[in-house]
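Undergrad: turn this into a structure:
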Amino acid sequence: MSTNGATTAPQTGGTSFFQLLLERRTRDALYHASSYWDARAQARGGLARSMWPSNVFNAFWDARQREVLLRALGDLRGRRVLDVGCGTGRMTRFFADAGAAEAVGVDFSAATVEAARRETEALGGPAARVRFAVGDVLAGLTSVGRGEFDDALALGCLSVACRDGDALQRALGAMAATVKPGGRVVLLEPIHRSPLLRRVLDLSTLDWVARANAQGLALIGADCMGFAPARLVLSVRDLPRPLVGAAFHAGEALLDAAPYMAPLADYKLLVFRVSSPR
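TA: Next up is the predicted model:
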């Protein structure tokens, strides 16, 4: 994410309904401030530090993300994976758990990266194959090197880091530059034009693909997840787990069974092959 043009807003990262509405109204400036993500990592607990306010909902969302990503990525054994906008490192650790030879998480929030390191050390497991770095996707990701990874992924990062199409194209170029020729750039992002569902970036899926193509990326797969009507209702407050689970799984089953419902998916998955060296 980028700090360019960032402004610091007070009382960020809270979980009250009023605070969430305020953040949505000021999102274009707020999400670009590393101080917002620093404060959010400190104000919330559990998965809510980098996801939705409801940790009951987050448990289902996290499992679904893993399912969708593994369905697209296949066997990660022996691969080096870069997690762009890693937050507190939950997916970086997951890629290592899934067999990646090395999983590197990068984020522009120093406090969030430090939290990711602490959590990884505390959890143990494949910590030797996980590392984290502070870096900005709009500044070129120079802290993680060029052409060193088999896969570079962004999960909900570029839609808030990029203000316009030119910024998106620059970010995609930075991601492509970290990947070996023939490797993959994988995006799982909330791609929308509607004021209700979009984050900062106001572009269609076709616009995203065109910007990727301009950086030597060829689309090889697509999917979706996160039935938006369910997410809007269930993600703000912790509700009874059986209720949340039933509603969540019903929405995801609908998305899997009916491709024409894809516009109601909060997140779109786009898988690209790096078709030309950067």
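Undergrad: would you indicate which residues of the top helix by length along the chain are buried?
TA: The longest helix of the chain (DSSP state H) is helix 55-73. Neighbour counts over helix 55-73 (16 or more other CB atoms under 10 Å) mark 55-62, 64-66, 68-69, 72-73 as buried. Just so you know, the C-beta spots here come from the backbone N, C-alpha and C atoms, and that holds for glycine as well.
Undergrad: check stretch 236-246 too.
TA: Going by neighbour count (16+ other CB under 10 Å), the buried part of stretch 236-246 is Val236, Asp238, Val244.
Undergrad: any idea which of these is closest to Gly173?
TA: Val236 (35.7 Å; CB to CB).
Undergrad: please give me every residue in contact with Asp107.
TA: Asp107 makes contact with Met1, Trp37, Gly85, Cys86, Gly87, Val113, Ala116, Phe132, Val134, Gly135, according to CB atoms under 8 Å, 6 or more residues apart in numbering.
Undergrad: let me have those in TSV, extended by distance to Ala103, pLDDT and neighbour count.
TA: Formatted as TSV, the contacts of Asp107 follow (distance: CB to CB, whole Å; pLDDT from 0 to 100; neighbours: other CB atoms under 10 Å):
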residue	distance to Ala103	pLDDT	neighbour count
Met1	19	41	28
Trp37	20	46	27
Gly85	14	95	28
Cys86	9	94	30
Gly87	14	90	25
Val113	14	93	23
Ala116	11	92	28
Phe132	10	96	22
Val134	16	95	15
Gly135	15	95	24
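Undergrad: so what pLDDT did Leu21 get?
TA: Note on Leu21: pLDDT of 52.
Undergrad: please read the previous query as pertaining to Ala253.
TA: You'll see Ala253 listed with a pLDDT of 97.
Undergrad: so which of the buried residues of stretch 236-246 sits lowest on pLDDT?
TA: Among the buried residues of stretch 236-246, Val236 has the lowest pLDDT, at 89.
Undergrad: coming back round to it: what sits up against the longest helix of the chain?
TA: Contacts with helix 55-73, where a contact means CB under 8 Å, 6+ apart, come from 45-48, 51-52, 90-91, 94, 98, 151, 153, 155, 184, 186, 188, 221, 223, 225-226, 231, 234-235, 238-241, 244-245, 248-249, 252, 269, 271.
Undergrad: quick one: buried ones out of those?
TA: Buried among the contacts of helix 55-73 by 16+ other CB under 10 Å: 47-48, 51-52, 90-91, 94, 98, 151, 153, 155, 184, 186, 188, 223, 225-226, 231, 234-235, 238, 244, 248, 252, 269, 271.
Undergrad: and Gly182, what are its phi and psi?
TA: With angles defined as degrees, to the nearest 10, Gly182 sits at phi 90, psi -10.
Undergrad: how many neighbouring residues does it have?
TA: 10 (other CB atoms under 10 Å).
Undergrad: of all the contacts of Asp107, which comes closest to Ser143?
TA: Closest approach between those and Ser143, by CB to CB: Gly135, at 4.0 Å.
Undergrad: isn't that closest one right next to Ser143, touching?
TA: Yes - between Gly135 and Ser143 there is a contact under CB atoms under 8 Å: 4.0 Å.
Undergrad: and for those two, which residues touch both?
TA: With CB under 8 Å, 6+ apart as the test, Gly135 and Ser143 both reach Val106.
Undergrad: low pLDDT regions in the chain?
TA: 1-45, 276-278 (pLDDT under 70).
Undergrad: what about the buried ones among the contacts of helix 55-73, which are in helices?
TA: Per DSSP H, the subset of the buried ones among the contacts of helix 55-73 in helices is Arg90, Met91, Phe94, Arg231, Leu234, Val244, Phe248, Glu252.
Undergrad: which of those lies closest to Val104?
TA: Comparing those against Val104 with CB to CB places Met91 closest, at 11.7 Å.
Undergrad: what sits against that closest one?
TA: Gln65, Arg66, Leu69, Asp83, Gly105, Leu153, Leu155.
Undergrad: checking the fifth one next. Helix, strand or coil?
TA: Using DSSP: H, G, I helix; E, B strand; the rest coil, the three-state assignment for Gly105 comes out as strand.
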